[in-house]
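Asks: 3D model of this:
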Amino acid sequence: VQLEESGGGLVQAGGSLKLSCAASGFRFTDYNMGWFRQTPGKNRDFVADISFSGGRAYYADSVKGRFTISRDNAKNTVDLQMNSLTPEDSGVYYCVRGPRRFTPLGDYSSSRYDGWGQGTQVTVSI
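Replies: Just a heads-up that it's a prediction; the model follows:
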């Protein structure tokens with residue numbers, strides 16, 4: 001399983017960023033996909049996940065209405081569009097492979113996901 005994130009950076013509060021993830025090494029359409037984030041000294045927190053088909057998505061309450069997860073099964077990519085960013089959104093964002101398709105979305109346990117890579121840093125300034 002190989003997942004490579006990109007698109008992080010520094011943005012002012014209220015701004016937007018789009019993260020992308022390129023997946024390889026497995027049959028992409030067999031799995032749900034997700035995003036987690038981590039800040040120093042804290043656990044990895046669930047952000048959002050998306051079904052294998054892209055037809056359903058689930059969001060953490062903290063990002064609902066501001067973030068949108070999407071996937072392109074033809075390109076084996078997963079994106080996270082982040083709008084109305086706040087300093088609390090800062091952290092390292094990880095793209096992860098979720099459970100196999102038909103598994104319910106919204107599992108907050110990081111142990112249910114794999115493919116953890118280097119992540120991409122997002123910093124939101126005041």
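
Asks: can you tell me the helix or strand for the nearest residue to residue 6 once chain neighbours are set aside?
Replies: Nearest residue to residue 6 in three dimensions, chain neighbours excluded: residue 20, at 5.2 Å (CB to CB, 6 or more residues apart in numbering). Where you see a C-beta, it was placed from the backbone N, CA and C, and this is true even at glycine. In this structure, residue 20 sits in strand 17-24 according to DSSP states H and E.

Asks: contacting residues around that strand?
Replies: Identification of contacts with strand 17-24 by CB atoms under 8 Å, 6 or more residues apart in numbering yields 1-9, 11, 33, 35, 76-82, 85, 93, 95, 97, 115, 120, 122.

Asks: before we move on, back to that, for the residue nearest to residue 6, list each beta-bridge partner.
Replies: Residue 20 has these beta-bridge partners by DSSP bridges: residue 6, residue 79.

Asks: Do I have it right that residue 58 meets residue 48?
Replies: Yes - here residue 58 reaches residue 48: they are 6.5 Å apart, a contact under CB atoms under 8 Å.

Asks: So between these two, which is more surrounded?
Replies: Between residue 58 and residue 48, residue 48 has the larger neighbour count (other CB atoms under 10 Å), namely 24 against 19.
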